[in-house]
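# sequence first, then the predicted structure:
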Amino acid sequence: MSASLLLVAAVSLAIAALCRHFGLSAPLVLVAVGLGICWIPGLPDVGLDPEFVLFVILPPLLYSAAQDSSYQEIRANRRAIGLLAVGLPLFSTILVGLVAWARIPHVPLAAALVLGAVVAPPDAVSAQAIGRRVGLPRRIMTLLGGESLLNDATALTALRVALAAAIGATTTVVNGVSMFLLAAVGGVAVGLAIGYLTARVRDWLTDPTMETAIGIMVPFGTYFIAEELHSSGVIAVVTAGLFLGQRSVRLGYATRMQDDAVRRSIDAILEAFVFLLIGLQLPELIRGLSGQSWTQITIDAVIVLAVVIAVRFLWVFPATYLPRVFSRKVRDAEPAPAPSAVFVVGWAGMRGVVSLAAAFSIPLYTDSGEPFPARAEILFLTFVVVVGTLLIQGTTLPWVIRRLGVTGDDPTEELLAYAGAQDRATREAENLLDRIEAEMAPDDVRRHQIGFLRKWVTTQRNTAWEDLGRGPEAIGESPNAAGNRIRLKLVRVQRKVFIEERDAGRIDDEVLRKALRRLDFAEGLTDRDDT
């Protein structure tokens, strides 16, 4: 099994790299490839272990998303995010469960609600990736990101309650609400405690390598501790990620750069692995349905898939506009979004590996020793919902965004804000240089460094304002752009010489690494490509 997982990881990463190179949607291509290669004779089955997904794959992805999120933006949109992350999964659980109960005769209501809870949480990884590529407005990206951080916790808690009823444990509405509150409050408490402790330890260490290593372990330890305390591991990881993300601005530059590079690399591996793994599950699910009517199963799957897609629209439109009808406070605080933007949020409801992991976690037997009702059907219906939403909504989301004319925010506003802040930062830096220069003697040899640094901070200010002007195609190459281009040439020619010196045996590898490290930082300061 370990060799199979390693092979899946290697293949998925290679496919994801090709997708990035050619500008394709990696999640969709990976799922399609998985569906295709799973039937190749001789290939070993690669089962989906729910514990592996929930304890190994989910925590670092949630943690990374939380660190990249803006606490201020989430707080400003907390009402809308709460409706999406808490209200919508519960609404989906109930409505999908009722339809499945009415549609599939041998499925009791509790088991049908298990299916509803399993397919309730959307996976916003692919939606956000598409949104960034086509330039969705920041508020929509904030809503999708905030929803993805918390909806798993809501759905998994609802799943616990539904499973307890389905396997024969005594449960009530009060028990369900208390379970949810315990999970939420406990998760926040655990996340804050671990986030605070981690921040103190990292501040004390001042060692970039160890700080990053500790950061890698935080999501796994946080999720495990929270789950052991019967609270929400998802909420705990998200809370810790938001807390440490806010404090990351106080880290040293080396730690911050290293953290970002490591997190993005881990995310790339896990996301690619997950989507290929989804497509590989089909043979096992089909074997579980042997002897059943495929006509009936296909009809049921299509109905459930349609309900899952429709229920999101049944929620997002009323949840967007009804509060503004009944509350003047909401109307004054939040201008009503265009229906096209709301439709995009409704269409961005692709499901992912969390739903499959939740389905595979359903026990084989109830407390009375009877087989869990319709377990095989629930797993297959979940698979159809995951793959169907990824392939239907995922492939059409870019077209829907363009067709409805939903465009990103005006970049001029962000550039203007940056230029204004840079202007204030430059003035403060110039005042500091004035104070340092005033303390120097007239013949102090360090004065020429003051002049060099004045030019540097002035260049920063000029560059920020140049970004607001006409592009180089209109005014030609700016002085700062020319300086950056020439400096890159200088860095590269020096790098070439150092490598030649090492190859000729005049310096050793340790000297080369030291030289390259300095040149790399110089090139990083010059490279202003934001991608």
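Happy to help now that I have it. For clarity, every value in this text was computed on a predicted model and none was experimentally measured. Residues are numbered from 1 along each chain as shown.

# ok, and the residue sitting nearest the centre point of the chain, which helix or strand is that part of?
Centroid check for the chain by CA atoms, centre = their mean gives residue 65 as the closest residue, at 3.9 Å. Residue 65 is part of helix 58-68 when elements are defined by DSSP states H and E.

# now the element after the helix or strand of the chain with the lowest mean pLDDT, going C-ward?
Lowest on mean pLDDT, DSSP states H and E among the helices and strands of the chain sits helix 472-475, with a mean of 51. Going down the chain from helix 472-475, the next helix or strand is helix 479-503, by DSSP H and E.

# any buried residues in that following helix, and which?
Neighbour-count burial for helix 479-503, counted by 16 or more other CB atoms under 10 Å, picks out 480, 484, 491, 495, 498, 502. No exception for glycine: its C-beta is placed from N, CA and C like everyone else's.

# cool, and stretch 101-115?
Using 16+ other CB under 10 Å as the test for burial, stretch 101-115 gives 101, 104, 107, 110-115.

# mind checking which of these land in strands?
Judged by DSSP state E, the buried residues of stretch 101-115 include no members of strands.

# of those residues, which belong to helices?
Here DSSP state H is the test, and the buried residues of stretch 101-115 give 101, 110-115 as lying in helices.

# my read is residue 24 is in a strand, agree?
No - counting by DSSP: H, G, I helix; E, B strand; the rest coil, residue 24 falls outside a strand, being coil.

# pLDDT score for the nearest residue to it once chain neighbours are set aside?
Nearest residue to residue 24 in three dimensions, chain neighbours excluded: residue 18, at 7.8 Å (CB to CB, 6 or more residues apart in numbering). pLDDT for residue 18: 93.

# in which helix or strand does residue 18 reside?
Assigning secondary structure by DSSP H and E places residue 18 in helix 2-22.

# next up, the contacts around residue 275.
By CB atoms under 8 Å, 6 or more residues apart in numbering, the residues touching residue 275 are 12, 26-27, 30-31, 34, 126, 352-353, 390.

# and what of residue 358?
Counting by CB under 8 Å, 6+ apart, the residues that residue 358 touches are 50, 117-118, 155-156, 159, 382.

# and if we set it to 7 Å?
Residues in contact with residue 358 (CB atoms under 7 Å, 6 or more residues apart in numbering) are 118, 156, 159.

# ditto for residue 87
Neighbouring residues of residue 87 by CB under 7 Å, 6+ apart: 315, 319.

# gap between it and residue 153?
Using CB to CB, to the nearest Å, residue 87 is found at 13 Å from residue 153.

# what's next to the helix holding residue 65, contact-wise?
With CB under 7 Å, 6+ apart, helix 58-68 has contacts from 145, 148-149, 218-220, 223, 234, 237-238, 240-242, 244-245, 248, 263, 266-267, 270, 354.

# one more: stretch 143-160?
Residues contacting stretch 143-160 (CB under 7 Å, 6+ apart): 62, 65-66, 69, 74, 77, 80-81, 84-86, 89-90, 93, 114, 117-118, 120-124, 127-128, 131, 179-180, 183, 187, 232, 234-235, 238, 345, 348, 354, 358.

# now do it: distance to the chain's middle.
13 Å (CA atoms, centre = their mean, to the nearest Å).

# got the buried residues for it?
Residues of stretch 143-160 classed as buried: 143-159 (neighbour count, 16+ other CB under 10 Å).

# same check on stretch 49-56?
49-50, 53-55.

# with stretch 92-102 instead?
So for stretch 92-102, counting by 16+ other CB under 10 Å, buried means 92-97, 99-101.

# tell me which stretches of the stretch 101-250 of the chain form strands.
Taking DSSP state E, counting those that start in this stretch, the stretch 101-250 of the chain contains no strands at all.

# the closest residue to residue 453 other than its chain neighbours: which element?
Distance criterion CB to CB, 6+ apart; nearest residue to residue 453, sequence neighbours excluded, is residue 433 at 6.1 Å. According to DSSP H and E, residue 433 maps onto helix 411-438.

# which neighbouring elements make contact with that helix?
If contacts are counted by 3 or more CB pairs under 7 Å, 6 or more residues apart in numbering; DSSP states H and E, helix 411-438 sits against helix 447-466.

# in the helix it packs on, which residues are buried?
So for helix 447-466, counting by 16+ other CB under 10 Å, buried means 453-454, 457, 459, 461-466.

# can you check stretch 499-515 too?
So for stretch 499-515, counting by 16+ other CB under 10 Å, buried means 502, 507, 512, 515.

# chain center to that stretch, what's the gap?
With CA atoms, centre = their mean, you get 40 Å for stretch 499-515.

# can you tell me what sits against it?
So stretch 499-515 is in contact with residue 498, going by CB under 7 Å, 6+ apart.

# gap between the two ends of that stretch?
10 Å (CA to CA, to the nearest Å).

# could you give the mean pLDDT of it?
88.

# restricting to C-alpha, output the helix or strand hosting residue 88 in PDB.
Element membership for residue 88 (DSSP H and E) is helix 88-103. The C-alpha coordinates for helix 88-103 follow below in PDB (Å, rounded to 0.1, in the frame of the first residue of the first chain):
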ATOM      1  CA  LEU A  88     -25.800  26.000   4.300                       C
ATOM      2  CA  PRO A  89     -24.200  22.600   5.300                       C
ATOM      3  CA  LEU A  90     -27.100  22.000   7.800                       C
ATOM      4  CA  PHE A  91     -29.700  23.000   5.200                       C
ATOM      5  CA  SER A  92     -28.000  20.700   2.700                       C
ATOM      6  CA  THR A  93     -27.800  17.800   5.200                       C
ATOM      7  CA  ILE A  94     -31.600  18.000   5.800                       C
ATOM      8  CA  LEU A  95     -32.800  18.600   2.300                       C
ATOM      9  CA  VAL A  96     -30.500  16.000   0.600                       C
ATOM     10  CA  GLY A  97     -31.300  13.500   3.300                       C
ATOM     11  CA  LEU A  98     -35.100  14.000   2.900                       C
ATOM     12  CA  VAL A  99     -34.800  13.500  -0.900                       C
ATOM     13  CA  ALA A 100     -32.700  10.400  -0.500                       C
ATOM     14  CA  TRP A 101     -35.100   9.000   2.100                       C
ATOM     15  CA  ALA A 102     -38.100   9.600  -0.200                       C
ATOM     16  CA  ARG A 103     -36.300   8.300  -3.200                       C
END
